[in-house]
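K.L.:
here you go, sequence then predicted model.
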Amino acid sequence: MLKAITFDFWQTLYADSDTNWRKRQAIRVKRCHAYLENRGYTCTLTDVEFGLEEAYNLVSSLWHQHKGISVRRCMQRFAEVLEIRLEAVDLDQLIENLGAAFLEAPPIMIAHVKPVVSRLSENYPLGIISDSALTPGSFARKLMARDGILQFFTAFTFSDETDYTKPQVVQFHSTLAELNAEPAEALHIGDIFRTDIVGAKNAGMKAIRFTGFNKGEGNDTLSDAVVDDYRKLEAVITELSK
């Protein structure tokens, strides 16, 4: 019997495209450059763009090693690349600019998510287990609040707030502890085989791979089910909960 359900954020609850990511990155560059210029730091838009690329490369490299890193540490790397010494208040404000860019060019909630998670929350405690890049988990929560779904979730595990990423089982087990559920009583829904599915199964959970946006990874042999439309999800969960 299922007692808890966890969801990935990116490409599972919210869909993001390369085009939108590039738009967001351009906003990040402009906002961060304007802030630094206003504070008296000497740097060009190109400098800032390169610094943010290196910050992203750091988190991406660690992600492939299954290691989490804070957005603050990423922005310290940004400062190292630009060879500038940032005060704590500067780091805080640059992170705020990254978050503001995320909210200005956000990923889009996938169709039918809101009514489905609303109904699921009536029967199961729900959690988020998400890997982060340059978007703080705190701003993902703000987007969820703005879109009216934050209240359906009671546990949030973002890799920028921990030392780990999926598929490390600690990400799953710590979330389930907050949801008061054992792994055998829980289900995770996500789009990436090597992180969401492998991590959930290694943690002792059931796993559904969501393919409504990310269609790839046909070599999946571990998922308990594959779903491409949220309108099909509740029936699949009911079947898996037997």
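P.N.:
Looks like it arrived, so ask away. Numbering: from 1, shown residues only.

K.L.:
what's the residue closest to the geometric middle of this protein?
P.N.:
When CA atoms, centre = their mean is applied to the chain, the residue found nearest the centroid is S130 (3.7 Å).

K.L.:
domain parsing of the protein, as residue ranges.
P.N.:
Here the domain assignment for the chain is 4-16+108-240, 18-104, based on automatic domain parsing.

K.L.:
mean pLDDT added to those domains, as a markdown table?
P.N.:
Shown next, in a markdown table, are these (pLDDT from 0 to 100):
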| stretch | mean pLDDT |
| --- | --- |
| domain 4-16+108-240 | 95 |
| domain 18-104 | 94 |
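
K.L.:
out of the ones you listed, indicate the one that is most buried.
P.N.:
Sort the domains of the chain by mean neighbour count, taking mean count of other CB atoms under 10 Å, and domain 4-16+108-240 sits at the top with a mean of 19. C-beta coordinates here come from the backbone N, C-alpha and C atoms, glycine included.

K.L.:
residues touching R77, list them.
P.N.:
For R77, the contact set (CB atoms under 8 Å, 6 or more residues apart in numbering) comprises 54-55, 58.

K.L.:
now the helix or strand containing it - C-alpha only, PDB.
P.N.:
R77 is located in helix 71-82, with elements delineated by DSSP states H and E. Provided in PDB are the C-alpha atoms of helix 71-82 (Å, rounded to 0.1, in the frame of the first residue of the first chain):
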ATOM      1  CA  VAL A  71      24.100  28.300  -5.900                       C
ATOM      2  CA  ARG A  72      26.300  30.400  -3.600                       C
ATOM      3  CA  ARG A  73      29.300  28.300  -4.300                       C
ATOM      4  CA  CYS A  74      28.500  28.500  -8.000                       C
ATOM      5  CA  MET A  75      28.600  32.300  -7.800                       C
ATOM      6  CA  GLN A  76      31.800  32.200  -5.900                       C
ATOM      7  CA  ARG A  77      33.200  30.300  -8.900                       C
ATOM      8  CA  PHE A  78      31.700  33.100 -11.000                       C
ATOM      9  CA  ALA A  79      33.700  35.700  -9.000                       C
ATOM     10  CA  GLU A  80      36.900  33.600  -9.300                       C
ATOM     11  CA  VAL A  81      36.500  33.500 -13.100                       C
ATOM     12  CA  LEU A  82      35.900  37.300 -13.300                       C
END
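
K.L.:
I'd like the next helix or strand past that helix.
P.N.:
helix 88-104.

K.L.:
what's in contact with stretch 10-28?
P.N.:
With CB under 8 Å, 6+ apart, stretch 10-28 has contacts from 7, 52, 97-98, 101-102, 104-110, 113, 117, 128, 130-131, 134, 143-144, 149, 189-192, 196, 210, 212-214.

K.L.:
mind telling me what element D47 is part of?
P.N.:
For D47, the element it lies in under DSSP H and E is helix 45-64.

K.L.:
helices or strands up against that helix?
P.N.:
helix 18-38, helix 71-82 (3 or more CB pairs under 8 Å, 6 or more residues apart in numbering; DSSP states H and E).

K.L.:
could I get these as JSON lines with distance to E234?
P.N.:
Shown next, in JSON lines, are the helices and strands packed on helix 45-64 (distance: least, CB to CB, whole Å):
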{"stretch": "helix 18-38", "distance to E234": "29"}
{"stretch": "helix 71-82", "distance to E234": "35"}
